[in-house]
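Novice: pasting the sequence and the predicted coordinates here, then a few questions.
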Amino acid sequence: MDIAEKNPNATLSVSILSGKGGVGKTNMALNLGFALFKAGHRLLLMDFDVGLANIDVLLGLSPEKNLQDLFRPGATAEDVVYPIESGGFDFLPSASGVPELLEMDEDMREALFSKLNSVFTRYDYLFLDHGAGISSNVLSAASMSRMPILVVTPEPTSLTDGYAVVKVLAAKHRVRNFHVLVNQVASAKEGQRTFDRLAAACERFLGLHLSFLGSVRLDAAVPEAVRRQVPLMKHAPTCPAAQDIIAVAVKIHRHRQKLGAKLKEGTILKNILERAS
Ligand SMILES: Nc1ncnc2c1ncn2[C@@H]1O[C@H](COP(=O)(O)OP(=O)(O)OP(=O)(O)O)[C@@H](O)[C@H]1O
Ligand SMILES: [Mg+2]
């Protein structure tokens, strides 16, 4: 495969991770995606929470096909992509509690991502929404993505669990370029303080420098949008959380610009596809 063909659009793969569950990964993935789309970028949001998939629930959609179908003969990658907004904001659903997805080994993940690669190349961004914690699916996909984003909240349990994710990914998968989003904060000051605590621990005990993407305020409009099954950015585009999400989206965009031509040189997902090509 010609290197230039691997990632012609310089698609940036972004993994959304957390230690503790329920910190807001799926809501952040969906709404950061929405903000980037509104700014003119093409984005594919892939539900890779194969334990408890729920992007479809946030959108009020019941997709007929999902990732699971890609393991069946005949299904193509195009069959499992659904529009969220026409013009380039799409969604790739997963399935909940399906053993063949939960128990994927390296070879199966490689086959799955190779099958999807031609679809991935059509976008500026590929967002992978993961389940919480450190299952092999999460670790493997997070280590392949170009931009791992760790979502934490100011709760001490979220911070200690977040630290554990960084530690495992750094030690076992040599991931070093973590970006941190602090969600559900009372103020930007609390967000900065939370980040500083996590960053200090990672610097001191793991020798790792974390990048701060910013914080998103605790906002009643978020659960409201969830209940209505409409993305927050559509339901309340000017609420405090939406304003913060736009600021984080700008930082993600700047990071993509900074990586620039480097993205075109590699594959969209590192390691596995690089080995396969
Ligand atoms: N900034 C916020 N303000 C208020 N509520 C929020 C905010 N972010 C997330 N929530 C609420 O937190 C809950 C969990 O959010 P979400 O499902 O996105 O978390 P998650 O990390 O994806 O969970 P899981 O680990 O189960 O996948 C939701 O009910 C959502 O409404
Ligand atoms: Mg989730």
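Specialist: Perfect, I can see it now. Predicted model, so just to flag it, every value in this text is computed and none were measured. Residues are numbered from 1 along each chain as shown. Ligands and ions are numbered 1, 2, ... in the order given.

Novice: where does pLDDT dip in the chain?
Specialist: Using pLDDT under 70 as the threshold, the predicted model of the chain has low-confidence ranges 1-5, 271-277.

Novice: flag every residue of it that's near ligand 1.
Specialist: 18, 21-27, 49, 52, 131-132, 183-184, 216, 218-219, 222-223, 226, 241 (Cβ under 6 Å from any ligand atom). (Each C-beta comes from the backbone N, C-alpha and C, glycine too.)

Novice: ok, which stretches of the stretch 151-277 of the chain are strands?
Specialist: For the stretch 151-277 of the chain, the strands identified by DSSP state E, counting those that start in this stretch occupy 179-185, 211-217, in order along the chain.

Novice: any chance of the ones you listed in TSV with distance to ligand 2 and mean neighbour count as columns?
Specialist: Putting the strands of the stretch 151-277 of the chain into TSV (distance: least, Cβ to the ion, whole Å; neighbours: other Cβ atoms under 10 Å) gives the following:
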stretch	distance to ligand 2	mean neighbour count
strand 179-185	12	24
strand 211-217	15	22
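
Novice: contacts only, for residue 95.
Specialist: Residue 95 sits next to 50, 53, 66-68, 101 when contact means Cβ atoms under 8 Å, 6 or more residues apart in numbering.

Novice: what about the residues you listed, which are in strands?
Specialist: When strands are assigned by DSSP state E, not one member of the contacts of residue 95 lies inside them.

Novice: which one's the longest helix in the chain?
Specialist: Of all segments of type helix in the chain, defined using DSSP state H, the longest is helix 240-259.

Novice: before we move on, back to that, now list the buried members of the residues of the chain next to ligand 1.
Specialist: With burial judged by 16 or more other Cβ atoms under 10 Å, the buried subset of those is 18, 23-27, 49, 131-132, 183-184, 216, 218-219, 222, 226, 241.

Novice: tell me which helix or strand residue 33 sits in.
Specialist: Assigning secondary structure by DSSP states H and E places residue 33 in helix 25-38.

Novice: what strands line up against the following helix or strand past that helix, and which way round?
Specialist: Tracing the chain C-terminally past helix 25-38 and defining elements by DSSP H and E, one meets strand 43-47 next. Applying DSSP bridges, strand 43-47 is found paired with strand 89-92 (parallel), strand 125-129 (parallel).

Novice: quick one, strand 43-47 and helix 25-38 angle?
Specialist: Using axes from the mean of the first three to the mean of the last three Cα atoms, to 10 degrees, the direction of strand 43-47 lies 170 degrees away from that of helix 25-38.

Novice: can you point out the buried residues in the helix or strand just after strand 43-47?
Specialist: Secondary structure here is assigned by DSSP H and E; on that basis, the next helix or strand after strand 43-47 toward the C-terminus is helix 55-59. When neighbours are counted by 16+ other Cβ under 10 Å, the buried residues of helix 55-59 are found to be 55-56, 58-59.

Novice: who's in contact with helix 55-59?
Specialist: Contacting residues not belonging to helix 55-59 are listed as 26-27, 29-30, 45, 47, 62-63, 84, 91, 93-94, 129, 226, 229, 231 [Cβ under 8 Å, 6+ apart].

Novice: that older thread, how about the strands paired with strand 43-47, which one is nearest ligand 2?
Specialist: Between ligand 2 and the strands paired with strand 43-47, the shortest separation by Cβ to the ion is 6.0 Å, and it involves strand 125-129.
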